[in-house]
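# kindly generate the corresponding structure for this input.
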Amino acid sequence: MQIYITTKERFNAARRLYREDWTPDQNLKVFGKAASAHYHGNNYTLWITFSKKLTPENECLPFPQALTEILKDEVINKLDHKNLSLNVDFMSGKTAASDQLCIAIFNLLQPLVDAIEGFGLHCVKLVEADEYTVSYFGN
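Alright, predicted model coming up:
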């Protein structure tokens, strides 16, 4: 039997949506103000859903503190009040769009979560400025 546990975090970050392989006009046409050389900030809500295999031995155990620490240390502390385009190691070489950020967070967390017995990473959902949501369930 499997159960899913979702936790929510919030962070603020700056970014620039810009592709170096495009002209400035192409970037402006596709990304609008988000292509500004001065960057712009967003408020994000991050939902992480973990899976837990239930067994008679672990069905009443609390949510592992290790998962909370991984999320804070490896994701939130690296993103909050940072520039996604310049300061976040796991976004290096990627366009700082929400879909790419969501995938990068999933790929960062998956091996760390898988190392905790009985748990897996089910989904990463990222809400940008309450305007739209991106969800990624892995490959």
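
# hey, let's count contacts and neighbours off CA atoms from now on
OK.

# any idea how far residue 96 is from residue 104?
Noted for residue 96: a distance of 10 Å to residue 104, by CA to CA, to the nearest Å.

# same question but for residue 133, I mixed them up
According to CA to CA, residue 133 and residue 104 sit 15 Å apart.

# re the thing from before, which one of residue 96 and residue 104 has more residues nearby?
Neighbour count, other CA atoms under 10 Å: between residue 96 and residue 104, residue 96 has more, with 23 against 18.

# surely that one touches residue 14?
No: using CA atoms under 8 Å, residue 96 is not in contact with residue 14, being 9.2 Å away.

# what residues do these two have in common as contacts?
In terms of CA atoms under 8 Å, 6 or more residues apart in numbering, residue 96 and residue 14 are both contacted by the residues 84, 85.

# wait, what's in contact with the residue of the chain most remote from its centre?
Residue farthest from the centre of the chain, counting by CA atoms, centre = their mean, is residue 56 at 32.2 Å. Shown in contact with residue 56 (CA under 8 Å, 6+ apart): no residues.

# what about it, is that helix, strand or coil?
Assigned by DSSP: H, G, I helix; E, B strand; the rest coil, the conformation of residue 56 is coil.

# what of residue 134?
Per three-state DSSP, residue 134 ends up strand.

# quick check, pLDDT for it.
For residue 134, the pLDDT comes out at 97.

# equivalent analysis for residue 58, please.
Looking at residue 58, its pLDDT reads 72.

# cool, residue 94 as well?
92.

# might one say that it is in contact with residue 104?
No: the criterion here is CA under 8 Å, and residue 94 misses it with residue 104 at 9.1 Å.

# for residue 90, see how far away residue 119 is.
23 Å.

# helix, strand or coil: sort out residue 31 for me.
Taking three-state DSSP, the label given to residue 31 is helix.

# what about it, neighbour count?
Using other CA under 10 Å, residue 31 has 16 neighbouring residues.
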